[in-house]
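Asker: build the 3D model from these lines:
(2 chains)
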Amino acid sequence: MAVTEQGVLGEVLQELARLPGIGPKSAERIAHFLLAGDRSRAKALADVLQRAVERIHQCRECFNLTDQELCPICQDPKRDGSVLCVVETPRDVSAFERIGRYRGRYHVLGGRLAPLENVGPERLTLDALLQRVQRGGVREVILATSPTLEGDGTALYVANLLRPTGVAITRLARGLPTGGSLELANPQMLADALEGRRTFH
Amino acid sequence: MAAEAAIGLVIGGSDWSESSRIVTLFTREWGKVRALAKGGRRLRSNFEIAFDLLTVCRVMVIRKSQSGLDLLTEARVEERFSVLRRRLAALYVGYYMAELLTEGTQEYDPHPALFDRAVAQLRALEQGMAPLQVASEFELAWLAELGYRPRVDACAVCGGRAEGEVLWSPSAAGMVCRHCRAEARGAVRLTSASWQWLQAQSSGQPAGNLTSWPADLRAALSLTVTHVLGRRPKMLRYVDGPS
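Answerer: Below is the predicted model of the structure:
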């Protein structure tokens, strides 16, 4: 279904329909919700988006998104600066923070190596990561890139880059999801789980 | 419309929505196919995380007769190649093969021999063959399948015997004699070891493994691929290093 409205309303629908997960029908529903009756909600949304666009940028240290020079995690003295978790995007930081179990710091690469899509090492924050590790104080780097071929390739590249520094390099475990059923697990999950088995205490 | 079965190698893909993916497969039955996998990004779906790059999988596809993407309804992993996750050089060659299959073939133009060769080369990587040898052998197979089988028994320009100094012309896709040298711009001088390897490869004889991979042979093959494709493949920068 194409956007048929003209004028400003048509522009609003078009912009909304460009957002991930929003199709033309959802765009229409959201636009009419925002513009019906009291428009204070629409104004508040417009204001906060305006401020976000102007103020949010990358953290100077870890490249997470922040509205300050350093993000709250890099500023927090209670976080363990000797452990760095290397992730692809700021969304991955949010995913780790939601579990509330990780007390180290992060480094956001800004994507993953995908040479077929013209994403080479120069497009990622790899130089900054190397400098961070070379400055000292880091004893472990956790490679938390996606468990896809491109994610594993990125992890391999980062590991090769950091190996001369002598820092311990670990990779996230993979295999069976907690609460899942063995008979429903796919062969790759089972193979990964078998390969990554640990001593049972 | 009934779903049809095929076996394919995943050579590309992009996210379509929060849960769906568009996957490019090089299938044995139909050649290159782009199809939508609704729910293909979910861990628990009919697709069994089969759409990771360079995975061989069996798929069920509903082919659209008119415009619109074909629809994948099911996928099962047949084979993965763990070496691609352990060695960067192997991964780059895998990507390179995916690029040649993507860029060098048309949709629904089947090349079963090329599919078999791609899988065979990935298996060879898995078994420890040198990545540059895997790349070179695949380049020769790719050129032959596309109708550019390199000529190594005689001059590719005049058909005469190529004696003495061995020259390779990327534009003529093969050996050139001394007389035709001027017509074959950018010819690469080959060592006798490289020439023998090429001759063995094209006659289907076991070419053996060269101890170190010769730069002249890599230059000859990559320049020929570049000539046929009309541009330098982006993965050559990773496979051979910057030109």
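Asker: so what strands line up beside the helix or strand that contains residue A:105?
Answerer: Here residue A:105, judged by DSSP states H and E, is contained in strand A:104-108. If you go by DSSP bridges, strand A:104-108 pairs up with strand A:80-87 (parallel).
Asker: can you give me the helices in chain A?
Answerer: A:7-17, A:24-35, A:40-55, A:72-75, A:90-99, A:126-134, A:149-162, A:187-195 (DSSP state H).
Asker: out of these, deepest packed?
Answerer: The highest mean neighbour count among the helices of chain A, using mean count of other Cβ atoms under 10 Å in any protein chain shown, belongs to helix A:149-162: a mean of 20. Glycine gets a C-beta too; all of them are placed from N, C-alpha and C.
Asker: give me the helices and strands touching that one, please.
Answerer: Other helices and strands packing on helix A:149-162, by 3 or more Cβ pairs under 8 Å, 6 or more residues apart in numbering or on different chains; DSSP states H and E, are helix A:126-134, strand A:140-143, strand A:168-171, helix B:88-104.
Asker: who does residue A:57 form a beta bridge with?
Answerer: residue A:66.
Asker: got the residues of chain A near chain B?
Answerer: Neighbours of chain B within chain A, by Cβ under 8 Å from any Cβ of the partner chain: A:20-21, A:115-116, A:118, A:120, A:148-150, A:152-153, A:156-157, A:160, A:177, A:184, A:186-189.
Asker: can we see that at 10 Å?
Answerer: A:20-23, A:113-118, A:120-121, A:146-153, A:155-157, A:159-160, A:177, A:180, A:184-189, A:191, A:195 (Cβ under 10 Å from any Cβ of the partner chain).
Asker: spatially nearest residue to residue B:71, not counting backbone neighbours?
Answerer: Take residue B:71 and drop its neighbours on the chain: the residue closest to it by Cβ to Cβ, 6 or more residues apart in numbering or on different chains is residue B:62, 4.3 Å away.
Asker: surely that neighbour and residue B:2 touch.
Answerer: Yes - with contact defined as Cβ atoms under 10 Å, residue B:62 counts as touching residue B:2 (7.6 Å).
Asker: show me the contacts for the one residue sitting closest to the centre of chain B.
Answerer: When Cα atoms, centre = their mean is applied to chain B, the residue found nearest the centroid is residue B:97 (3.4 Å). Contacts for residue B:97 (Cβ atoms under 10 Å, 6 or more residues apart in numbering or on different chains) come out as B:9, B:11, B:26, B:54, B:114, B:117-119, B:121-122, B:125, B:134-135, B:138-139, B:141-142, B:235, B:239.
Asker: so for residue 50, what's the pLDDT?
Answerer: Using chain A here. We note a pLDDT of 96 for residue A:50 in this prediction.
Asker: I was after chain B.
Answerer: pLDDT, residue B:50: 78.
Asker: didn't it look like it was pressed against residue B:60?
Answerer: No - with contact taken as Cβ under 10 Å, residue B:50 and residue B:60 are classed as non-touching, separated by 11.3 Å.
Asker: what touches both of these two?
Answerer: B:72, B:74-76.
Asker: okay, the residues you listed in CSV with secondary structure and distance to residue A:129 next?
Answerer: Putting the shared contacts of residue B:50 and residue B:60 into CSV (DSSP: H, G, I helix; E, B strand; the rest coil; distance: Cβ to Cβ, whole Å) gives the following:
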residue, secondary structure, distance to residue A:129
B:72, strand, 37
B:74, strand, 40
B:75, strand, 35
B:76, strand, 38
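Asker: enumerate every residue touching the residue nearest to the spatial centre of chain A.
Answerer: Central residue of chain A (Cα atoms, centre = their mean): residue A:89, 2.6 Å from the mean position. By Cβ under 10 Å, 6+ apart, residue A:89 lies in contact with A:63-65, A:95, A:108-112, A:146.
Asker: from these, list just the buried residues.
Answerer: A:63-65, A:108-112, A:146 (16 or more other Cβ atoms under 10 Å in any protein chain shown).
Asker: looking at those, which is nearest chain B?
Answerer: Checking the buried ones among the contacts of residue A:89 against chain B by Cβ to the nearest Cβ gives residue A:146 as the nearest, at 9.7 Å.
Asker: does the closest one really touch residue A:95, like I thought?
Answerer: No - assessed by Cβ under 10 Å, residue A:146 is found out of contact with residue A:95, at 11.2 Å.
Asker: CSV for the buried ones among the contacts of residue A:89, including pLDDT?
Answerer: Listed next are those as CSV, based on pLDDT from 0 to 100:
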residue, pLDDT
A:63, 98
A:64, 97
A:65, 97
A:108, 98
A:109, 98
A:110, 97
A:111, 96
A:112, 95
A:146, 92
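Asker: residue B:170 versus residue B:214, what's the distance?
Answerer: When Cβ to Cβ, to the nearest Å is applied, the distance between residue B:214 and residue B:170 equals 16 Å.
Asker: okay, now the domains of chain A?
Answerer: A:7-55, A:77-199 (automatic domain parsing).
Asker: can I see the domain layout of chain B?
Answerer: B:4-79, B:83-239.
Asker: which of the ones you listed comes out lowest on mean pLDDT?
Answerer: When I compare the domains of chain B, domain B:4-79 is least confident, with a mean of 86.
Asker: how about residue 117, what does it touch?
Answerer: Unless you meant another one, I'm taking chain A. Counting by Cβ under 10 Å, 6+ apart, residue A:117 has contacts A:111, A:123, A:150, B:12, B:14, B:234.
Asker: actually, chain B is the one I wanted.
Answerer: Applying Cβ under 10 Å, 6+ apart, the residues near residue B:117 are B:97, B:111, B:137-138, B:140-142, B:144-145.
Asker: related to what we said a few turns ago, most neighbours among the shared contacts of residue B:50 and residue B:60, which one?
Answerer: residue B:72 (29 neighbours; other Cβ atoms under 10 Å in any protein chain shown).
Asker: tell me who's in contact with residue B:163.
Answerer: So residue B:163 contacts B:155, B:177-178 (Cβ under 10 Å, 6+ apart).
Asker: out of the residues you listed, the closest to chain A would be?
Answerer: Nearest to chain A among the contacts of residue B:163, with distances taken as Cβ to the nearest Cβ, is residue B:155, at 36.6 Å.
Asker: output the contacting helices and strands for the longest strand belonging to chain B.
Answerer: Assignment by DSSP state E gives strand B:4-15 as the longest strand of chain B. Packing partners of strand B:4-15 (3 or more Cβ pairs under 10 Å, 6 or more residues apart in numbering or on different chains; DSSP states H and E): strand B:21-27, strand B:31-37, strand B:56-62, strand B:70-79, helix B:88-104, helix B:112-126.
Asker: swap the cut-off to 7 Å and go again
Answerer: strand B:21-27, strand B:56-62, helix B:88-104, helix B:112-126 (3 or more Cβ pairs under 7 Å, 6 or more residues apart in numbering or on different chains; DSSP states H and E).
Asker: can you check what angle separates it from strand B:21-27?
Answerer: Counting by axes from the mean of the first three to the mean of the last three Cα atoms, to 10 degrees, strand B:4-15 lies at 130 degrees to strand B:21-27.
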